[in-house]
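# Have a look at this prediction, sequence included:
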There are 8 protein chains.
Amino acid sequence: MDISTILQQVHTGELTVSDAKAMLSDRGFNDFGFVNIDTSREERTGIPEIIYGGGKTVDQVREIVKRLADNRRDILVTRCTSEMYTAVKEVVPDAIYHPLARTIHYRFNPKEETRSYICVVTAGTSDIPIAEEAVVTATFLGNKVVSVYDVGVAGIHRLFDKIELIRNARVIIVVAGMEGALASVVGGLAAKPVIAVPTSIGYGANFGGLSALLSMLNSCASGVSVVNIDNGFGAACQASLINKL
Amino acid sequence: MDISTILQQVHTGELTVSDAKAMLSDRGFNDFGFVNIDTSREERTGIPEIIYGGGKTVDQVREIVKRLADNRRDILVTRCTSEMYTAVKEVVPDAIYHPLARTIHYRFNPKEETRSYICVVTAGTSDIPIAEEAVVTATFLGNKVVSVYDVGVAGIHRLFDKIELIRNARVIIVVAGMEGALASVVGGLAAKPVIAVPTSIGYGANFGGLSALLSMLNSCASGVSVVNIDNGFGAACQASLINKL
Amino acid sequence: MDISTILQQVHTGELTVSDAKAMLSDRGFNDFGFVNIDTSREERTGIPEIIYGGGKTVDQVREIVKRLADNRRDILVTRCTSEMYTAVKEVVPDAIYHPLARTIHYRFNPKEETRSYICVVTAGTSDIPIAEEAVVTATFLGNKVVSVYDVGVAGIHRLFDKIELIRNARVIIVVAGMEGALASVVGGLAAKPVIAVPTSIGYGANFGGLSALLSMLNSCASGVSVVNIDNGFGAACQASLINKL
Amino acid sequence: MDISTILQQVHTGELTVSDAKAMLSDRGFNDFGFVNIDTSREERTGIPEIIYGGGKTVDQVREIVKRLADNRRDILVTRCTSEMYTAVKEVVPDAIYHPLARTIHYRFNPKEETRSYICVVTAGTSDIPIAEEAVVTATFLGNKVVSVYDVGVAGIHRLFDKIELIRNARVIIVVAGMEGALASVVGGLAAKPVIAVPTSIGYGANFGGLSALLSMLNSCASGVSVVNIDNGFGAACQASLINKL
Amino acid sequence: MDISTILQQVHTGELTVSDAKAMLSDRGFNDFGFVNIDTSREERTGIPEIIYGGGKTVDQVREIVKRLADNRRDILVTRCTSEMYTAVKEVVPDAIYHPLARTIHYRFNPKEETRSYICVVTAGTSDIPIAEEAVVTATFLGNKVVSVYDVGVAGIHRLFDKIELIRNARVIIVVAGMEGALASVVGGLAAKPVIAVPTSIGYGANFGGLSALLSMLNSCASGVSVVNIDNGFGAACQASLINKL
Amino acid sequence: MDISTILQQVHTGELTVSDAKAMLSDRGFNDFGFVNIDTSREERTGIPEIIYGGGKTVDQVREIVKRLADNRRDILVTRCTSEMYTAVKEVVPDAIYHPLARTIHYRFNPKEETRSYICVVTAGTSDIPIAEEAVVTATFLGNKVVSVYDVGVAGIHRLFDKIELIRNARVIIVVAGMEGALASVVGGLAAKPVIAVPTSIGYGANFGGLSALLSMLNSCASGVSVVNIDNGFGAACQASLINKL
Amino acid sequence: MDISTILQQVHTGELTVSDAKAMLSDRGFNDFGFVNIDTSREERTGIPEIIYGGGKTVDQVREIVKRLADNRRDILVTRCTSEMYTAVKEVVPDAIYHPLARTIHYRFNPKEETRSYICVVTAGTSDIPIAEEAVVTATFLGNKVVSVYDVGVAGIHRLFDKIELIRNARVIIVVAGMEGALASVVGGLAAKPVIAVPTSIGYGANFGGLSALLSMLNSCASGVSVVNIDNGFGAACQASLINKL
Amino acid sequence: MDISTILQQVHTGELTVSDAKAMLSDRGFNDFGFVNIDTSREERTGIPEIIYGGGKTVDQVREIVKRLADNRRDILVTRCTSEMYTAVKEVVPDAIYHPLARTIHYRFNPKEETRSYICVVTAGTSDIPIAEEAVVTATFLGNKVVSVYDVGVAGIHRLFDKIELIRNARVIIVVAGMEGALASVVGGLAAKPVIAVPTSIGYGANFGGLSALLSMLNSCASGVSVVNIDNGFGAACQASLINKL
């Protein structure tokens, strides 16, 4: 209901003043002091509130999960540890843990999978954990996902073998460390949006993923955008928004 | 035609050996020595070959434009100078120059505008040239574009006034310098993909756009991806791919 | 008027629906397309909207000044050029230009000067332009200002000679380039908040002010906070907020 | 007593030469070899000497605390470990330990709390330890403190719900990692000095807090100054100086 | 066989369509899902596929080694751990482990050693592990290798004593940390290509090998090129390509 | 003649003491105060002393060229200006100027061209000036050179069209800016040493060539080494040493 | 006179109160508002106040020189322009200008030259301007100076020819850009303190002198310390202090 | 003996050819394969070969110490561990271990202590380990050393109390982390060379000592030079060279 309608109904008495005030100031969150759960996030942004496990204690994760579960909200914890999984199972016994992706999830409200798919591509085997974070997240958000792993430019013919599968996706996530060249090569071969995820895989002048990050930002292919280093989660969120347009 | 079909037709005599060879090795480019025009780029990537004026001489730009014009290919030059415009007009008299966006363009093959629109939002007045590069590019690629300027977080109520216009876009480009906070705020308010363009506007510890770039890469909002500093062109290309899905 | 009161008055008929809606959605800005003037900024933040001249064209500056002047709003342009001054005088003939501070200002509504003062201290002669930007800004905002220049630690007895004047300020701005040590020394000698402004003065491994910036952020004195490199304006804004508490 | 008075009293015989010399050379510190306690720091700077636990051994911390306790000076240790707490309790049995804030404190001389309050705001749950360091420090220094946690810009309506509480503070500390946008948003909404604390929370191109630091230094809001990454202590010191003006 | 010949033979019936297709699309790799072994790499690039152990699990390494061994392909694992060695021995019992070089290797197909040699030179004792990675790799690739260790510029007469041995190599690898000056000195004394390997040995402003890397990139000697920090493997690969020309 | 022979001949009287001393202390340079020409450099390192024009005055360049010409030494000046060319022509009237490559050269002693060739490849048109510096330098040093321009990965089919020409070179120089991905792709397709030259072409987070530099240092292809940003000269020197092995 | 003596003389009446106060508070500087000349600097630090021309206006330089000249203080201006020289001659007609070193100086009080000498060594011709700044400064301060130019490690035999001259100095200044290796080589050959001056000579990954700076800080030779990039002046000051011990 | 004399004696028969050759090629080192001990370093540079323990194995350290001890050469190991001490005692039972300084040393040839002293000053307690490395090294090299600890600029009166002790040194080492301001302050108060040692003490934007390093390099005091971060050893070496001039 927009402001005019609310006010009109106050004027006519259809709404009481206190109900109108509640509507105008509907908070859209539950404040538990140490955490302030954003209950309107999915409606507002297309992505529900998801728990970033890094930097949180095991107790904090269990408490937040418990509150979400009490409201039957779907649960996804990223960057989690096996200790967190043990704690989460106390409150959501059927929660699923992916050690490679470092995620815990559970869906109270299963979604129908999209028809179009997101293709997640990696340059190397070492990039797979970040790719799996993207796969788990995108699947959790209701997307069909196809993965193509270890097709980096050191042996570019491996990529060409899979190129039709990649081109037929609705949106492509390219996960690569080292020099990150794969994002440009894929961007130059496919007419779909490419979301590039630099990884911290590499050593020396890789500087924790900086080399791949700069590479991808400077891509000579024009349909490529970039998310943070090792941020498979963020890439999946944007890919999901695009896939569902 | 795929390989099997080509070979089958060679076998049956429907195709001559030399035609088959041409098909298999169709080059998809015109090599002029100093430049190698990628004639299949639009079919392959959804974006035609566009001329980046930075680092090219006026003569190079005129020659490339002439060759594209001879083939009636649409023309867009970015990062151009007024001297380039004078030279381009010699070969394409009706070419259009946007001094603020620093672009020259001409369409031999006008496209129908999309129904859905791309919304280009800036934090400040100084970010407008980069935003205009995005607007010109997206329009050139056949997209409907709406712009909302100077709604940065120092006066966030200006943003809220335009929020419905922004939310109704199919894809949102946020252009911001300084601390680049606008991308996160928009990402937290809209259920559409946000492509963030950091600009080099600012001074001191802005470090040529690094502060906004890092800000946007670290956005706490989950549907945000980033392109290079001041890269309005790249943002428009990806937005166009998304808008046309 | 808060939401409850507005709604109560709608209910009782003291306010019409359309007036109430205007109040609830009072925009607090004037949108001119290329600029969106934040008319409620002073009420909201204690600092009126001030024009940052860097990155704007001469025409843009004149137009913005004209619109502020039409509403008799006080005018301050920072990082301006002499060309901007010529343009501004066309619309505000009595505007005042400080070439060293690179500011233009005019007050339609003179303010009473505060009793307590802000002390602006520089390490060297070369830091004076940034210090003057702070002095002009703080004075424009209605503060009494005292300046103490060229008292850097290479000859620390010069500082001790002025230390009482510095200690008696309500808030202290320290402007220093090179190694920026003066901020720590003053912070260790005065029981007042110190706002440190690193300057880009220096060469070599100064890296455009980075050395002074890092120095000041790592100050061993505990009452020091920092603003951006060369940001005399920002230091003055915060000092003014503190001075008027 | 100033120099003239001292000399006058020497001349008249009211002071002996040796007493005058002691007065003129009053050292204001106790030198124990490995540590040189600054006994005049509170009188001089408004903040007493506080023990930074990082980089000190457990023995050094116990010894310093013992010497301060012998003189009944209030004790605050920051960045401490639980081993340090065990050691400190041997000499100050009633000392209080905050594991989250990593502080130990004890007040021999309780101070009256200020009426006006410092508001400590965090963007996320993971920023709370740094915020708590600020809360403990500010409280130790005699300030009333109010905290508002987990109101970052990914769900900005959570901030608006608390905005009056924030605006009514005398000084505001904003603690945020990732892109640090909250400092600008609060700075654009409140007419009070904002001290921004970047945190090292985040990953990838966060670079240990650099992204939030640069964001905050480049804030488009004009009343914001910044302290070192994760420096809740320093923010509290400056906030205390401001709150007590 | 080139495309024309293949097509001609299809036309004449010498090749069936399906054989021709296989030839045209010969994939040159074995895809095992998590790893995609590039079986044509040696033919294509002169260097076989080698397993980078960093970032892989022990299980992944064993599986990849097993698949290579099943095809009697030579095995080299770099950046491996002793746990990986235990696992590899299960599938290749005679594999050899160099703990200093952190390599495992086994050759099913011994190669004849080259006559000309690669000379591997280190500045200090601490650079030896990286040098040994180069020695093992170059030997594995069939090169004769000579090593000269601990002849850095702090005692440059040690270098002069070995200079003829160095000059007589066909290609020289210089491994140095700290300031990396040895690469320039050797480059100024020998008429052979020098491949410089910066190491992360050093402390403080060494920044993980950055100082040596920048030094070597800026070498005033003109025949020096550089590989990544600590990348003895990469230097050996390029040296091998050069040595075998 | 080595030390033993010299001493033996002194002993037998075949050499006088003063001749022997001259031989032992043969300086191998001509010291003119402001410049110290290294006359033995070609014999020692395979590359003669070449004049780096950057940072030298026009007078210095003319004087150095004159001294080299007086001794009929071949002349190559890099990073020169047209003013330098005017000055050089005064002393070497037939010197040749390449404005794109920014070189001046003249050969008193023409060399026979090598049979094998160096292939210089660029990603884009804007990289050509650096490539031309490499071409001129390599040709000056007596190498056959073939160039392949504008075959970057945004349209990778352009590269495949030229791949045999590239593979047949003895050594390959890849010149690329932006994300520098071409070096890895070529390294993955050719069994020859690849020397990668990052260029400063690009903008924003290119950071003056840093993105391409880091990309190339982190190349996943194993036969790639790197020279300084924009250093076509250095790449040509090393390629020449390799080509002549 | 120390404090006790002053007080004793006040007590006995040998000193008046006002004379004693003047003595105790002798300021040691002349404050002219925009500049605060440190008249006691030479007595205090061994180096008189010297004028850094960079960042000062021509008028400021003339005024400061005039005030020093009025007091017959020796004058040295560094980083000056020819315009500054014209202005300085108005007040000190016999002042001497070195365009290469960018200095102006005049000595009212000629000093006797030291017997021992400072040796200033450069790697290349392009480093000479910074070396000359050191030579002029050291000479101005009364030191005998010997210079050895263009003996960098690309042709290290040139250095060995001059090594005795260098070793016989009392202190050595090494000026080098690019990879700065010369400082380590000299440090490894001489038993005298070496002060290294990195220069900004070079290009690409030189990053304005950063490569030489890091090289020198990481020198494997143990008697080397470093001053700021291009800071010939600072090196000369410290060398002078050492030479006069 | 110089070359002429040697040759003359060969000529006259006073020297045999083989003795002359040995003299001319006297190597000045003992090569043990993994380490190449520089036996002429002390004669050549004033500082004997000292063992850097970082990056060496316990076995390597014991072996090197054993070889030095066999030749009765004085022993100093820096950056050592307690395990190294256990190993060293096996070969030199009387070796002395300083855990704070992380050094092991033993002098077979005690030196007479210098009369003049080196003063080692620290800003804080946490800087003491680096200072102690300097103290142990300088004492080992035969210098008298005086230390003054915890006199940083947060309480600058503590410094003034010790200033005469500092001024009377022949050379001053200032050890400071955080903002490193103490070096400039001491440099501005003493007429002696100051060698500044930045430490990695601090947090956040300290970046491992970078802030103190840049501060010290940009010191406004003119007699200050700098060594690497945490390099107490290097500072002591140079101070020793200066102290013994």
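Alright, I've got the coordinates. Numbers count the residues shown, from 1 in each chain, chains lettered A, B, ... in the order given.
# Tell me the pLDDT of the nearest residue to A:Leu159 once chain neighbours are set aside.
Once flanking residues are discounted, A:Leu159 sits nearest to A:Val151: 4.3 Å by C-beta to C-beta, 6 or more residues apart in numbering or on different chains. Quick note: C-beta positions are derived from backbone N, CA and C, even for glycine. Note on A:Val151: pLDDT of 92.
# Neighbours of A:Val151, how many?
29 (other C-beta atoms under 10 Å in any protein chain shown).
# pretty sure it is touching A:Asp127, no?
No. A:Val151 lies out of contact with A:Asp127 (C-beta atoms under 8 Å); the separation is 10.6 Å.
# pLDDT below threshold where in chain A?
Applying pLDDT under 70 to chain A flags the ranges A:1-7, A:21-27.
# So which bits of it are right by chain E?
By C-beta under 8 Å from any C-beta of the partner chain, the residues of chain A that approach chain E are A:125-126, A:128, A:149-151, A:154-155, A:157-158, A:161, A:201, A:203-207.
# can you give me the strands in chain A?
Taking DSSP state E to define them, one finds strands in chain A at A:30-31, A:36-37, A:51-52, A:75-78, A:96-98, A:103-106, A:117-122, A:144-148, A:171-176, A:194-198, A:224-226.
# buried set for stretch A:58-67?
Residues A:Val58, A:Gln60, A:Val61, A:Arg62, A:Glu63, A:Ile64, A:Val65 are the ones in stretch A:58-67 that count as buried (16 or more other C-beta atoms under 10 Å in any protein chain shown).
# before we move on, back to that, tell me which of the strands of chain A sits nearest to G:Ile6.
With C-beta to C-beta, the closest approach to G:Ile6 among these belongs to strand A:36-37: 65.6 Å.
# The closest one close to chain B?
No. Using C-beta under 8 Å from any C-beta, strand A:36-37 never reaches chain B; the gap is at least 12.9 Å.
# List the strands paired with that strand, with their directions.
When pairing is defined by DSSP bridges, strand A:36-37 lines up against strand A:30-31 (antiparallel).
# contacts for the strand it pairs with?
With contacts defined as C-beta atoms under 8 Å, 6 or more residues apart in numbering or on different chains, strand A:30-31 is touched by A:Asn36, A:Ile37, A:Thr39, A:Arg67, D:Asp150, D:Arg158, D:Asp161.
# Distance from the chain centre to that strand, please.
Relative to the centre of its chain, strand A:30-31 is centred 23 Å away, using C-alpha atoms, centre = their mean, to the nearest Å.
# what's near enough to touch the residue nearest to A:Leu159?
Shown in contact with A:Val151 (C-beta under 8 Å, 6+ apart): A:Val121, A:Thr122, A:Ala123, A:Arg158, A:Leu159, A:Asp161, A:Lys162, A:Leu182, E:Asn36.
# I'd assumed A:Val186 was in contact with the third one.
It stands for A:Ala123. No. Using C-beta under 8 Å, A:Ala123 is not in contact with A:Val186; the gap is 9.9 Å.
# which residues are in contact with both of the two?
Common neighbours of A:Ala123 and A:Val186, counting by C-beta under 8 Å, 6+ apart, are A:Val174.
# Relative to E:Leu141, which of the strands of chain A is closest?
Judging those by C-beta to C-beta, what sits closest to E:Leu141 is strand A:171-176, at 26.2 Å.
# could you check whether that closest one is close to chain D?
No. Residues of strand A:171-176 are not located near chain D by C-beta under 8 Å from any C-beta, the shortest gap being 12.8 Å.
# tell me, how many neighbours does the residue of chain A found nearest chain H end up with?
Residue nearest to chain H within chain A: A:Phe207 (13.2 Å; C-beta to the nearest C-beta). A:Phe207: 21 surrounding residues under other C-beta under 10 Å.
# Could I get the full set of helices for chain A?
Along chain A, counting by DSSP state H, helices occupy A:3-12, A:17-24, A:41-45, A:58-70, A:82-91, A:128-140, A:157-161, A:163-167, A:181-187, A:210-217, A:232-243.
# Residue in chain A with the shortest distance to chain D?
Taking C-beta to the nearest C-beta, chain A has A:Ile229 as its residue nearest chain D, at 3.0 Å.
# Would you check that that residue makes contact with A:Gly202?
No. Proximity of A:Ile229 to A:Gly202 does not meet the contact threshold set by C-beta under 8 Å, at 11.0 Å.
# between those two, who's got more neighbours?
Using other C-beta under 10 Å, the more surrounded residue of A:Ile229 and A:Gly202 is A:Gly202, with 29 against 25.
# Quickly note the distance from the more buried one to A:Glu179.
Using C-beta to C-beta, to the nearest Å, A:Gly202 is found at 8 Å from A:Glu179.
# any residues in contact with both of those two?
Both A:Gly202 and A:Glu179 are contacted by A:Ser211, A:Ala212, F:Asn218, under the criterion C-beta under 8 Å, 6+ apart.
# near chain D, which residues of chain A?
Proximity of chain A to chain D, by C-beta under 8 Å from any C-beta, involves residues A:25, A:27-29, A:31, A:33-36, A:38, A:40-41, A:44-45, A:49, A:52, A:54-56, A:60, A:79, A:198, A:200, A:208-210, A:213, A:228-231.
# Quick one: buried ones out of the residues you listed?
Listed as buried from the residues of chain A next to chain D are A:28-29, A:31, A:34-36, A:38, A:40-41, A:44-45, A:49, A:52, A:55-56, A:60, A:79, A:198, A:200, A:208-210, A:213, A:228-231; burial here means 16+ other C-beta under 10 Å.
# Quick check: phi and psi on the residue found closest to A:Asn206 once you drop the neighbours it is linked to in the chain?
Counting by C-beta to C-beta, 6+ apart, A:Asn206 lies nearest to F:Asn218, which is 5.3 Å off, once chain neighbours are set aside. For F:Asn218, the backbone dihedrals (degrees, to the nearest 10) come out as phi -100, psi 20.
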